[in-house]
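Asks: coordinates for the following, if possible.
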Amino acid sequence: MAFNSKQYAFSDITVNVLGRELQGFRGVKYKVSVEKEVLHARGKKAFSIQSGNETIEGELMLLQSELEALRAAVKSVNPDLKLTDVAFDIVVTYGNGTTAVTDIIQGAEFTEYEKGMENGDKQMEISLPFLALDVKEGA
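Replies: Below you'll find the predicted structure:
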């Protein structure tokens, strides 16, 4: 039996947002967390683990030019909207061809962004934290 231990490199990742394949992205991360607590009943040991709400949050790190392109895409639909006003899917593909794995982060909305630079900076990198409704892993 053959074992493939291929690990994806950052250069293998493709990210699509608002119909754009992002060229100026510097990082992506997202996590799914579930509220859990131990339920005790008779005796010292836990009786079960109870689950509660699920939360999906993450962050895109973009260069300023990519942020401006996303803002322009939103403004082309409605000039009064800001980047934090719209919901969208984020499609993250690791690898290509038959070994590619795609996650679809559904119903994402950016919560904030901040622009700024300091002396000596060669480019502006902007962090865009987001919340989302669901993640379809391996879609």
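
Asks: list the contacts for the closest residue to Ile105 other than its chain neighbours?
Replies: Using C-beta to C-beta, 6 or more residues apart in numbering and skipping residues adjacent in sequence, the residue nearest Ile105 is Ile90, 4.1 Å away. Glycine gets a C-beta too; all of them are placed from N, C-alpha and C. For Ile90, the contact set (C-beta atoms under 8 Å, 6 or more residues apart in numbering) comprises 15-17, 28, 30, 58, 60, 104-105, 108, 130, 132.

Asks: counting by contacts, list what the top strand by length along the chain packs against.
Replies: Ranked by number of residues, the top strand in the chain under DSSP state E is strand 46-63. Secondary-structure packing of strand 46-63 (3 or more C-beta pairs under 8 Å, 6 or more residues apart in numbering; DSSP states H and E): strand 25-40, strand 101-110, strand 125-132.

Asks: adding mean neighbour count, write the ones you listed out as a markdown table.
Replies: Output for the helices and strands packed on strand 46-63, formatted as a markdown table (neighbours: other C-beta atoms under 10 Å):
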| stretch | mean neighbour count |
| --- | --- |
| strand 25-40 | 12 |
| strand 101-110 | 18 |
| strand 125-132 | 18 |
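
Asks: can I get those in TSV including mean pLDDT?
Replies: TSV is the format used below for the helices and strands packed on strand 46-63 (pLDDT from 0 to 100):
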stretch	mean pLDDT
strand 25-40	96
strand 101-110	96
strand 125-132	97
